[in-house]
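Undergrad: below are the sequence and a predicted model for it; my questions follow.
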Amino acid sequence: MVNEALIDSLVLHLVGNRVNDELLTLSKSPANIDDEITSILSSFFITPFKTDKYFNFNHPDGFENNEVFKAVALIFNNPDNLYESSVKLAERLFDITDNSKTRGGEFYAVYFNECTVDGEETEAVGLFKSESRETFLKIYPTSDNFILEKEEGISLRKIDKGCMIFNLEKDRGFLISIADIRSGDEKYWCEDFLQIRLFDNNYTKTQSAMKVCKNFVSEKLPEEFDVSKADQIDILNRSMDYFKSHEVFDKPEFEQEVLRQPEVIESFRGFDQADDIPMDMTFEIDTDAVKKQSKIFKSVLKLDKNFHIYIHGDRSMIERGEDEGKKYYRIFYENES
């Protein structure tokens with residue numbers, strides 16, 4: 001999470017959509033901005049970066065061949081390279097546009113000489129693109145009335161696309177934070193332009209492990225075993241309880257506490273190994289990742305379109321049966337509220 005950042009220099013270019021015959025307009029030098037605008041832009045740029053989810057640069061031939069990585073590395077080597085690198089980056093962003101629906105907008109390359117991320121002080125390079133326009137009403141008083149005029153400008157509420165690249169973990173492709181962007185633009189910004197992948201830290205390890213558990217219980221378990229929906233929810237609840245109550249993930253311990261049965265554990269191991277990134281045997285559990293992933297762990301048992309049963313614990317308090325061709329659940333409880 002970015003705690004604070006101080007803008008040292010900034011370059012602004014206008015990157016249109018080449019598919020729609022829009023132009024790339026390059027500035028001739030870094031922008032000249034006063035202290036008040038600097039303060040406003042600093043807040044505007046860093047506000048979206050409140051997550052502990054990080055990425056690093058990637059490339060089929062090694063991250064050192066990533067064009068954005070090379071441009072940013074030049075800036076960290078010498079901040080005077082900001083303008084030269086910004087031109088290369090703006091040209092790259094313009095060239096990769098291949099969808100007529102991609103909106104043109106202002107492209108900012110920013111050098112932060114003082115930045116604090118997760119309590120660590122470092123330098124950072126920010127790359128941002130503003131595409132949204134808002135209508136503003138300007139009011140001018142006269143001697144006996146008011147004049148109203150309409151103007152359009154850039155919204156300062158939320159950046160459309162952005163990333164903060166920190167001068168950390170250079171030997172792994174730098175540490176990168178991504179601003180939330182609208183659905184459908186991830187490929188254009190993250191894959192085509194930046195070429196990034198998830199950074200291997202406790203957040204991503206926790207996130208990946210929870211996804212594997214959820215997918216195993218929802219997809220693989222009912223394929224191999226005669227398991228009811230209530231049993232699936234019970235295992236998901238135990239999984240969530242494990243991640244919430246433990247500081248360190250230990251795979252054998254998790255298997256015994258959550259999955260329990262040897263044949264289920266064996267199936268889970270095969271399912272995990274088939275995943276693109278098998279989970280580590282042990283790692284520190286990230287609480288922010290648990291909080292975010294908890295949304296995908298559903299504890300609702302849906303019966304036709306008539307009933308929803310929320311199962312939050314103690315699987316023994318609900319029984320499944322069948323009588324004269326009709327299925328039923330019997331629920332036990334102690335207190336009613």
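TA: Nice, I can see it.

Undergrad: tell me if Glu123 really is in a strand.
TA: Yes - counting by DSSP: H, G, I helix; E, B strand; the rest coil, Glu123 is located in a strand.

Undergrad: burial count for it?
TA: By other CB atoms under 10 Å, 18 other residues sit near Glu123. From N, CA and C alone the C-beta is placed, and that goes for glycine too.

Undergrad: equivalent analysis for Tyr188, please.
TA: What Tyr188 shows, counting by other CB under 10 Å, is a neighbour count of 20.

Undergrad: now Gly126
TA: Using other CB under 10 Å, Gly126 is surrounded by 27 other residues.

Undergrad: tell me the secondary structure for it?
TA: The assignment at Gly126 comes out as strand when based on three-state DSSP.

Undergrad: list the beta-bridge partners for it.
TA: Val110, Met164 (DSSP bridges).

Undergrad: who touches it in this structure?
TA: By CB atoms under 8 Å, 6 or more residues apart in numbering, the residues touching Gly126 are 5, 45-46, 108-110, 112, 162-165.

Undergrad: same check on Asn113?
TA: 6, 8, 79, 123.

Undergrad: farthest-separated two in the residues you listed?
TA: By the measure CB to CB, these have their two most distant members at Leu6 and Pro79, which lie 12.7 Å apart.

Undergrad: put the buried members of the contacts of Asn113 into a ChimeraX selection.
TA: Buried subset of the contacts of Asn113, written as a ChimeraX selection, criterion 16 or more other CB atoms under 10 Å:
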select :8,123
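
Undergrad: now distance to Thr25, secondary structure and pLDDT too, for the contacts of Asn113, in a markdown table please.
TA: A markdown table is the format used below for the contacts of Asn113 (distance: CB to CB, whole Å; DSSP: H, G, I helix; E, B strand; the rest coil; pLDDT from 0 to 100):
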| residue | distance to Thr25 | secondary structure | pLDDT |
| --- | --- | --- | --- |
| Leu6 | 28 | strand | 89 |
| Asp8 | 24 | strand | 95 |
| Pro79 | 24 | helix | 97 |
| Glu123 | 28 | strand | 95 |
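
Undergrad: mind putting the contacts of Asn113 in JSON lines, distance to Asn237 included?
TA: Formatted as JSON lines, the contacts of Asn113 follow (distance: CB to CB, whole Å):
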{"residue": "Leu6", "distance to Asn237": "46"}
{"residue": "Asp8", "distance to Asn237": "50"}
{"residue": "Pro79", "distance to Asn237": "52"}
{"residue": "Glu123", "distance to Asn237": "45"}
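
Undergrad: can you tell me which of the contacts of Asn113 is closest to Ile265?
TA: Lowest distance from Ile265 to the contacts of Asn113 (CB to CB) belongs to Glu123, with 46.9 Å.

Undergrad: need the pLDDT of Cys190.
TA: At Cys190, the predicted lDDT confidence score is 93.

Undergrad: ignore what I typed, I meant Thr116.
TA: pLDDT recorded at Thr116 is 89.

Undergrad: in three-state terms, label the spatially closest residue to it that is not a sequence neighbour for me.
TA: Closest residue to Thr116 apart from its sequence neighbours, by CB to CB, 6 or more residues apart in numbering: Asn3 at 4.2 Å. Reducing the assignment at Asn3 to three states with three-state DSSP gives strand.

Undergrad: which stretches of the stretch 101-250 of the chain have low pLDDT?
TA: Scanning the stretch 101-250 of the chain with the threshold set as pLDDT under 70 gives 182-184.

Undergrad: could you rerun that using 80?
TA: Along the stretch 101-250 of the chain, the model assigns pLDDT under 80 to residues 118-119, 135-136, 153-157, 180-185, 228-230.

Undergrad: now do the contacts for the residue nearest to Ile178 when sequence neighbours are not counted.
TA: Nearest residue to Ile178, sequence neighbours excluded (CB to CB, 6+ apart): Cys163, at 5.2 Å. Cys163 sits next to 126-128, 176-179, 194, 196 when contact means CB under 8 Å, 6+ apart.
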